[in-house]
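Dropping the sequence and predicted coords here.
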Amino acid sequence: MTPVSNSSVRVAVRVRPMSSQESDSYQDRKEVIDFIPNEPQIVVGQKQSFTFDHVYPPATEQVKVYETCVIPLVYNFLEGYNATVLAYGQTGAGKSFSMGIGLDSFVQKSNEGIVPRFIDTLFDQLAQKHGPNSTNYHISVSFLELHNEDLIDLLSPGVQTLRKENQPMVVIREDCNGAICWSGIREERVTTPHQLLCLLEKGSVARTTAATDMNISSSRSHAIFSIQLRQTPDGQQGKTITSKFHFVDLAGSERLKRTNAVGHRAKEGISINSGLLALGNVISALGDESRRSSHIPYRDSKLTRLLQDSLGGNSQTLMLACVSPAWSNLKETLNTLKYANRARNIRNRVAINQD
Ligand code: ADP
Ligand code: MG
């Protein structure tokens, strides 16, 4: 491994436009978020102010979000650094729209989210670096969904009919360099942007279909789209540089009201909150300097174990916190901003993975 350097988790906040339902409501029409021009600062309810690495008001275009906060991670990924983009926020706040891990971002080019844009940059840059049709690099992809503590392989051919009893046996472990890896999930090799886009679409459709079949809401599951890149630096046969990029569309962060949740739904809500709760505990432990060297509870949930490298480990990480501008969502907006604010204190230790 090459020398290790520190890299803070960066946090961007994106405020989506009012929905038509919100604009039609007398109470919601009043926006509860203010912006300070040219400052990455946000003021909520006229009294609470937060500063982040980036703040994107509702009129911000997809391309701006991608170019200002994701592209730097993509260039470093091509140099051999791991990267993670983590979308966090309540259901309907714009996580899937921003990430491009949903169905409506496939429609218009200008509305494309982060992942389809990443796919274009990845293949363009690799062709420039290694030449067209080079065999000096190898790209593979996996796409998984975590629902309760069950993992679903979204690229598996039988995903629509997958039930708990025939889900893949996934083993999450550390390799000899201490990096987290998982086995038992399909890793599909891809050689063209079209193939990769098709797998993104296939997995996104499977996520919705599997959720409908299992009578659950897909907003209550986490989706992780992962790209593995292996490169042989030019003129250095025998050497390999490997890097991973995780795109994570987290479950809705809202608290499920116990009175509204009964039976299966209640179990589902409580369990998903426990995944996000475990993530919150890891973020708190890592962000608190006095606790940083003590035990970090990664093993409390599969989500935190899968994301162990992304938080406090070897990865450059961006959290994209998505919020609604409407009055009725004020409480959830504040919760999201507080959660995101804690993530800013995390320091990761990054290095190129070279053999
Ligand atoms: P989430 O994944 O957080 O539950 P979605 O990404 O599905 O939320 O967004 C909810 C709705 O709001 C979708 O119809 C989406 O198209 C729309 N939306 C979200 N963010 C934006 C945005 N920045 N600009 C325009 N529409 C948006
Ligand atoms: Mg979503």
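Happy to help now that I have it. Ligands and ions are numbered 1, 2, ... in the order given.

Excluding chain neighbours, what is closest to residue 10?
Counting by CB to CB, 6 or more residues apart in numbering, residue 53 is the residue found nearest to residue 10 once chain neighbours are left out, at 4.4 Å. Where C-beta positions appear, they are placed from N, C-alpha and C, glycine not excepted.

mind checking how far residue 53 is from residue 294?
Distance of residue 53 to residue 294, given as CB to CB, to the nearest Å: 27 Å.

So for the two, which residue has more residues nearby?
Counted by other CB atoms under 10 Å, residue 53 and residue 294 do not tie: residue 53 has more neighbours, with 16 against 8.

show me the residues around the more buried one that make contact.
10, 11, 12, 40, 69, 344 (CB atoms under 8 Å, 6 or more residues apart in numbering).

Tell me which helix or strand the closest residue to ligand 2 within the stretch 1-150 of the chain sits in.
Nearest residue of the stretch 1-150 of the chain to ligand 2 (CB to the ion) works out as residue 96 at 3.2 Å. Assessed by DSSP states H and E, residue 96 sits inside helix 95-99.

C-alpha coordinates for the helix or strand just after that helix, PDB please?
Next along the chain after helix 95-99, taking DSSP H and E as the criterion, comes helix 114-130. Extracted in PDB, the C-alpha atoms of helix 114-130 (Å, rounded to 0.1, in the frame of the first residue of the first chain):
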ATOM      1  CA  ILE A 114     -24.900  10.800 -10.300                       C
ATOM      2  CA  VAL A 115     -24.400   7.100 -11.300                       C
ATOM      3  CA  PRO A 116     -25.200   7.500 -15.000                       C
ATOM      4  CA  ARG A 117     -22.900  10.500 -15.200                       C
ATOM      5  CA  PHE A 118     -20.200   8.600 -13.400                       C
ATOM      6  CA  ILE A 119     -20.500   5.800 -16.000                       C
ATOM      7  CA  ASP A 120     -19.800   8.200 -18.800                       C
ATOM      8  CA  THR A 121     -16.800   9.800 -17.100                       C
ATOM      9  CA  LEU A 122     -15.400   6.400 -16.100                       C
ATOM     10  CA  PHE A 123     -15.300   5.000 -19.700                       C
ATOM     11  CA  ASP A 124     -14.100   8.300 -21.200                       C
ATOM     12  CA  GLN A 125     -11.300   8.600 -18.700                       C
ATOM     13  CA  LEU A 126     -10.200   5.000 -19.000                       C
ATOM     14  CA  ALA A 127     -10.100   5.300 -22.800                       C
ATOM     15  CA  GLN A 128      -8.000   8.400 -22.500                       C
ATOM     16  CA  LYS A 129      -5.700   6.900 -19.900                       C
ATOM     17  CA  HIS A 130      -5.100   3.400 -21.400                       C
END
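
and helix 114-130 with ligand 1, contact?
No. Using CB under 6 Å from any ligand atom, helix 114-130 never reaches ligand 1; the gap is at least 11.6 Å.

hmm, that helix in reach of ligand 2?
No. Taking CB under 5 Å from the ion as the criterion, helix 114-130 and ligand 2 are apart, separated by no less than 12.9 Å.

where's that helix relative to the chain centroid, distance-wise?
With CA atoms, centre = their mean, to the nearest Å as the basis, helix 114-130 stands 19 Å off its chain's centre.

what does stretch 30-40 give?
How far stretch 30-40 lies from its chain's middle: 25 Å, per CA atoms, centre = their mean.

repeat for stretch 224-235
Chain-centre distance of stretch 224-235: 19 Å, with CA atoms, centre = their mean.

Fine by me, we can end here.
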